[in-house]
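In: Kindly return the folded structure for what I paste below:
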Amino acid sequence: MRFAVLVFPGSNCDIDCYKAVEETIGQPVDYVWHTATDLSPYDCILVPGGFSYGDYLRCGAISRFAPVMNEVAKAAEEGKYILGICNGFQILTEAGLLPGALRRNDSMKFRCHDSVLKVNNNTTPFTRDYAQGQEIVIPIAHGEGNYYCDEETLQKLRDNRQIVFTYQNNPNGSVEDIAGICNERGNVIGMMPHPERAVSSLLGSDDGKAMFTSILQAWRDTHGAANVR
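Out: Numbering: from 1, shown residues only. The predicted structure follows:
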């Protein structure tokens, strides 16, 4: 399975994502610059955190026009796995690949600490190695993580089980404590907490590791490959 880690001007979690793939599941992974116009070799695309283009205008508002985002949209349509983390989540909402928007934290402060999440949907390709309702510790680091959508969209998210993660102690004011959502098909997910920073007990938690093993196992099941374990 081949992974791409996108890199925009201002990305600062690209190395974390690269190392998480390399060290937790040992799969081929490449950095891919934002001007790339071909993602066809890749099975999973990681859109990392950071401050792409300095978060000018709005977080992710400039990056969504990068050439590579046309390819991300194509990959999503083809059913490939797309994971947007923090700024990556913001970019995916700006690009229309996920509904809603990320606003300024209600505290108007940057929040950087561990957060306890509840796994609301363990049937996605990203969460299959978690138990339904499991509580996991994943760090956050954001100033604009306050997820918002209108009531009609929120009801669709509920009905389609698109609310994948919720905060147990909401740090930013997100509607319905939302920490991460997926598209209706389930192959595109965005989340504000950083699973790539929680893949080893040395980092304070290894609860993020299951996201990467989940992705690999889902891909192997689809392609008839050997078990990840």
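In: contacts and neighbour counts: CA atoms only from here.
Out: Will do.
In: Roughly how far does residue 158 sit from residue 172?
Out: As judged by CA to CA, to the nearest Å, residue 158 and residue 172 stand 20 Å apart.
In: So between those two, which is more surrounded?
Out: Neighbours were counted for residue 158 and for residue 172 using other CA atoms under 10 Å; residue 172 has more, 25 against 11.
In: Apart from its chain neighbours, what residue comes closest to that one?
Out: Of all residues not flanking residue 172 in the chain, residue 105 sits nearest, at 4.5 Å (CA to CA, 6 or more residues apart in numbering).
In: Would you mind confirming that that neighbour makes contact with residue 148?
Out: No: the pair residue 105 / residue 148 is not scored as a contact, 10.8 Å apart, by CA atoms under 8 Å.
In: one step back: and the residue nearest to residue 172, that one's in a strand?
Out: No: secondary structure of residue 105 (DSSP: H, G, I helix; E, B strand; the rest coil): coil, not part of a strand.
In: before we move on, could you check phi and psi at it?
Out: Main-chain torsions, residue 105, degrees, to the nearest 10: phi -50, psi 140.
In: Then the one 10 residues further on?
Out: For residue 115, the backbone dihedrals are phi -130, psi 150 (criterion: degrees, to the nearest 10).
In: close enough to count as contact, it and residue 166?
Out: No: using CA under 8 Å, residue 115 makes no contact with residue 166, being 10.1 Å away.
In: so where's the chain shaky on pLDDT?
Out: Along the chain, the model assigns pLDDT under 70 to residues 225-229.
In: for it, what spans make up the strands?
Out: For the chain, the strands defined by DSSP state E occupy 3-7, 29-33, 44-47, 81-85, 101-103, 111-119, 135-142, 146-148, 163-167, 178-182, 188-191.
In: Using a markdown table, lay out those strands together with distance to residue 93 and mean neighbour count.
Out: As requested, those are exported to a markdown table (distance: least, CA to CA, whole Å; neighbours: other CA atoms under 10 Å):
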| stretch | distance to residue 93 | mean neighbour count |
| --- | --- | --- |
| strand 3-7 | 16 | 24 |
| strand 29-33 | 20 | 17 |
| strand 44-47 | 12 | 26 |
| strand 81-85 | 10 | 25 |
| strand 101-103 | 6 | 21 |
| strand 111-119 | 21 | 18 |
| strand 135-142 | 16 | 21 |
| strand 146-148 | 10 | 22 |
| strand 163-167 | 14 | 24 |
| strand 178-182 | 10 | 26 |
| strand 188-191 | 8 | 27 |
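In: Of all those strands, which one is nearest residue 201?
Out: For residue 201, the closest of those is strand 135-142, at 11.0 Å, according to CA to CA.
In: how many degrees apart are that closest one and strand 111-119 in direction?
Out: Here strand 135-142 runs at an angle of 150 degrees relative to strand 111-119 (axes from the mean of the first three to the mean of the last three CA atoms, to 10 degrees).
In: Output strand 135-142 as PDB, restricted to C-alpha atoms.
Out: What follows is the C-alpha trace of strand 135-142 in PDB, where atoms were taken according to Å, rounded to 0.1, in the frame of the first residue of the first chain:
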ATOM      1  CA  GLU A 135     -12.300   6.300  24.600                       C
ATOM      2  CA  ILE A 136      -8.900   7.200  23.200                       C
ATOM      3  CA  VAL A 137      -6.300   9.800  24.100                       C
ATOM      4  CA  ILE A 138      -5.200  11.900  21.100                       C
ATOM      5  CA  PRO A 139      -3.500  15.400  21.400                       C
ATOM      6  CA  ILE A 140      -4.900  18.600  19.900                       C
ATOM      7  CA  ALA A 141      -3.100  21.700  18.700                       C
ATOM      8  CA  HIS A 142      -5.300  24.300  17.100                       C
END
